[in-house]
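Participant: below are the sequence and a predicted model; questions follow.
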Amino acid sequence: MKTRSLRGRDFLAETDFTREEIETILDAAEDLKRERARGVLHDQILRSKTLFMIFYNQSLRTRNSFEAGMTQLGGHAHYLDPDKIYTPAMEGREVAYSTERVSDVARVLDRMGDAIAIRCYGDPVDWEYGGAHAMLKEFARWSDIPVLNMEDDVYHPFQGLADVLTVKEKFGGFKGVKFTMSWAYSPSIHKPRAVPQSAILYATMMGMQVTLAHPKGMELDPAILAQCEQYAATAGGSFKISNDFNAAMEGAHVVYPKAWCATPIFQPPVGEHDTKKTQAIFDQHKDWICTTDTMARADKNAIYLHCLPCDRGYEVANDVIDKTSGPGWTSAAFDEAENRLHVQKAVMSLVM
Ligand code: CP
């Protein structure tokens, strides 16, 4: 178990951590979850400490799990709306008296608090893939306190932690678990890739048998796919890609269908910044929805996961997401949402 190696670290991407370190975080999350269930208070762990949270995008789960988590740990979380501060901007993208250079924001906040957490993807970086992750790294370069990624345009590392903790709880471990991450239709074409990318990174890191399913045109970042291949080889799991929704669900223990954007939405050179092309790809695949028929193809004890928010009636049928108890397959989407709280408390306890 690695514990001291985590102190003071940024949490920007799961790929910055070894499997042993990730397992330490999961162990800590399980401890904190069990203790909270028994009424044990954690309010001395980060007593009087401050987390600054900058949200460029909307949030229900992330904001409230970090904020509640800091309260439970004895500290406080500040919600910062970028439009109500001087919007942190990269060098060269500043606008007089409206923005403030990231290096300046980072160095001011690190004099006052104990960690900085940021969510940024999509419109705030004009769909320049990797632009938001680069901004988080710039914060980390200038900040002497840990910087936490609350979802950028490449990674959603806390969501992925909650996903694997949920799998561990439901199946007692990872060996032999068939994990299917699939695209699903949504009327919105503006959904980032971070959730599926983090999900498959963690699942392959943990040695699961991982299938990524999506229609053509919904490919994920080639560098992430290459990392998944490497993790699968190292951990003794597997990683394959399918363009067939139903086939990908056969025998799956974990069924995780959700929408993400198509490649043309991104700025060149990754995409073409073409929303019409993106919409056309979406419109061809309205049948990629998780129904009870989908779940019937999976293992009889399968779990349904979704990071939420979900588009009911499009990504998933109501009678799938709402079937939260047995017999047979069940929806674990709300257990997964709760686990955001426990994994984030674990990471904050270990790094702050
Ligand atoms: N899953 C997730 O990150 O939810 P929010 O967008 O509500 O934070």
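Facilitator: Arrived safely.
Participant: for Asn301, what are its contacts?
Facilitator: 253, 328-329 (Cβ atoms under 8 Å, 6 or more residues apart in numbering). Heads up, the C-betas are built off the backbone N, CA and C, glycines and all.
Participant: Thr180: which of those is nearest?
Facilitator: Checking these against Thr180 by Cβ to Cβ gives His253 as the nearest, at 8.5 Å.
Participant: report the contact partners of Ala132.
Facilitator: Counting by Cβ under 8 Å, 6+ apart, Ala132 has contacts 56, 120-122, 124-125, 152-154.
Participant: phi, psi of it?
Facilitator: phi -70, psi -40 (degrees, to the nearest 10).
Participant: filter the contacts of Asn301 down to the buried ones.
Facilitator: 253, 329 (16 or more other Cβ atoms under 10 Å).
Participant: can I get the contacts of Asn301 in TSV with distance to the ligand?
Facilitator: Putting the contacts of Asn301 into TSV (distance: Cβ to the nearest ligand atom, whole Å) gives the following:
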residue	distance to the ligand
His253	21
Gly328	26
Trp329	22
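Participant: number of residues surrounding Tyr97?
Facilitator: 7 (other Cβ atoms under 10 Å).
Participant: contacting residues around it?
Facilitator: Listed by Cβ under 8 Å, 6+ apart, the contact set of Tyr97 reads Tyr86.
Participant: distance-wise, check it relative to His190.
Facilitator: 29 Å (Cβ to Cβ, to the nearest Å).
Participant: thinking again about what came up before, looking at the contacts of Ala132, which is nearest Ala29?
Facilitator: Asp152 (21.6 Å).
Participant: for the closest one, which non-adjacent residue is spatially closest?
Facilitator: Distances taken as Cβ to Cβ, 6 or more residues apart in numbering place Ala132 nearest to Asp152, at 4.1 Å, with adjacent residues excluded.
Participant: what pLDDT does the one you found get?
Facilitator: For Ala132, the pLDDT comes out at 98.
Participant: from Leu225, how far out is it?
Facilitator: 20 Å.
Participant: got it, and Leu148?
Facilitator: Note on Leu148: its distance to Leu225, by Cβ to Cβ, is 25 Å.
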